[in-house]
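>>> sequence first, predicted coordinates after that:
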Amino acid sequence: MKREYGWDAISRDPRSVVTVGTFDGVHRGHQAIIDYLQQRAEAQDGPSTLVSFDPHPRAVVHGEEVPLLTTVNERADLLDEHGLDRFVVIPFSNDFAQLSPAAYVKEVLVDRIGVQEITVGYDHRFGKDRAGDVDLLRELGAKHGFAVDVIPPQEVDHDIVSSSTLRTLLAEEGAVEQANDRLGRPYRLDGVVSRGQGRGRELGYPTANLALQDVRKLVPKRGVYATLVTLPDGHQQGGMMNIGRRPTFDEMNVTVEVHLLDYEGDLYGATLSVQFLQRLRAEQKFDSAEALAAQLSEDEERCRTVVRPLA
């Protein structure tokens, strides 16, 4: 897959069959669009091309903090796995946001990227103030010589799949199993193992403290989770992850740390990829370190029942 990050990297190809959107999460709704895009690209004998943005448009236009379900590189890797031909990332800026819908289509899609056909979701909006909609896109397509295909909303368990719903499930509820159903895969965090205070080791549960590779990445709600951890050599190990402030020890900073089941070794400086399988419990404050250690023993047994079939 060609990865074209930034204006200077974009190479125009008028045969391109394009879809446009942030595609944060590459969830099952997105996947339906991608699958259809690839069918159309094959029929039109052109490269399947996904145009995305970084940073997230809402972070620029409205100044919102938008936690990412997928970093740009994670997005690219997922799209590559789906067999996409070309991934274009446009740097989203205030100047870019001021382009009218007509100027955006002509200057960016037609002149810069190249397009013979475009596939979009039913609610696609574009241009300054999101003034452009599917009807306008069809008008501009007729003017500039490209076709427009529209994909209807995608549902899982009768719910519309959306990135905002996934953020709510993960960040506010810690409902990783429901989120995973909508993603079509386990939610994932990548991080570099850094030095901690050794609290876990003192309790008999040494943990790898993770420094996230992108601070914008969404971290699920505080609590304890059963996870599957991919080590640098590709081996997968069951893991019990804690996200929280360690209230038993009156600490305030939120840490992301994972105890690897049946593992011994030095992982400092290594990059781990953690897949969330199930939420075991909420964050709790215990009366003593001994009470916490007893609870961790119970958590471990539950964790093993979840990860045993997978690790």
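On my side now, so go ahead. Numbering: from 1, shown residues only.

>>> for the stretch 1-150 of the chain, what spans make up the strands?
Secondary structure of the stretch 1-150 of the chain by DSSP state E, counting those that start in this stretch: the strands cover 2-5, 17-20, 48-54, 86-91, 117-121, 147-151.

>>> indicate each strand paired with the lengthiest strand in the chain and its parallel or antiparallel sense.
Longest among the strand segments of the chain by residue count, using DSSP state E, is strand 271-282. Applying DSSP bridges to the sheet, strand 271-282 is found paired with strand 188-194 (antiparallel), strand 223-230 (antiparallel).

>>> now the ones you listed in TSV, with mean neighbour count?
Every C-beta, even on glycine, is put in place using the N, C-alpha and C of the backbone. Compiled in TSV, those are given as follows (neighbours: other Cβ atoms under 10 Å):
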stretch	mean neighbour count
strand 188-194	18
strand 223-230	23
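
>>> is it true that Val115 touches Leu109?
Yes: proximity of Val115 to Leu109 meets the contact threshold set by Cβ atoms under 8 Å, at 5.1 Å.

>>> which one of the two is surrounded by more residues?
For Val115 versus Leu109, the count of surrounding residues by other Cβ atoms under 10 Å is larger for Val115: 28 against 22.

>>> report the contact partners of that one.
14, 16-18, 49, 109, 146 (Cβ atoms under 8 Å, 6 or more residues apart in numbering).

>>> narrow these to those that are buried.
Judged by neighbour count, with 16 or more other Cβ atoms under 10 Å as the criterion, the buried members of the contacts of Val115 are 16-18, 49, 109, 146.

>>> ranges for the helices of the stretch 201-311 of the chain?
Shown for the stretch 201-311 of the chain, the helices assigned by DSSP state H, counting those that start in this stretch span residues 289-307.

>>> mind checking pLDDT for the residue nearest the centre of the chain?
The C-alpha lying nearest the average C-alpha coordinate of the chain belongs to Thr70 (Cα atoms, centre = their mean; 2.1 Å). Reading off the confidence values, Thr70 has pLDDT 96.

>>> so who does it touch?
For Thr70, the set of contacting residues under the criterion of Cβ under 8 Å, 6+ apart consists of 24-26, 78.

>>> what do you get for His82?
His82 makes contact with 26, 31, 34-35, 38 under the criterion Cβ under 8 Å, 6+ apart.

>>> from the residues you listed, which is closest to Asp287?
Top of the list for closeness to Asp287, among the contacts of His82 and by Cβ to Cβ, is Val26 at 43.8 Å.

>>> I'd assumed Arg75 was in contact with the closest one.
Yes: in this structure Val26 lies within contact range of Arg75 using Cβ under 8 Å: 6.0 Å.

>>> need the contact list for Gly184.
27-28, 31.

>>> separation between it and Ile33?
Note on Gly184: its distance to Ile33, by Cβ to Cβ, to the nearest Å, is 13 Å.

>>> repeat for Ala103
Using Cβ to Cβ, one obtains 24 Å as the distance from Ala103 to Ile33.

>>> who's more crowded, those two?
Neighbour comparison, Ala103 and Ile33: the larger count goes to Ile33, with 21 against 12 (by other Cβ under 10 Å).
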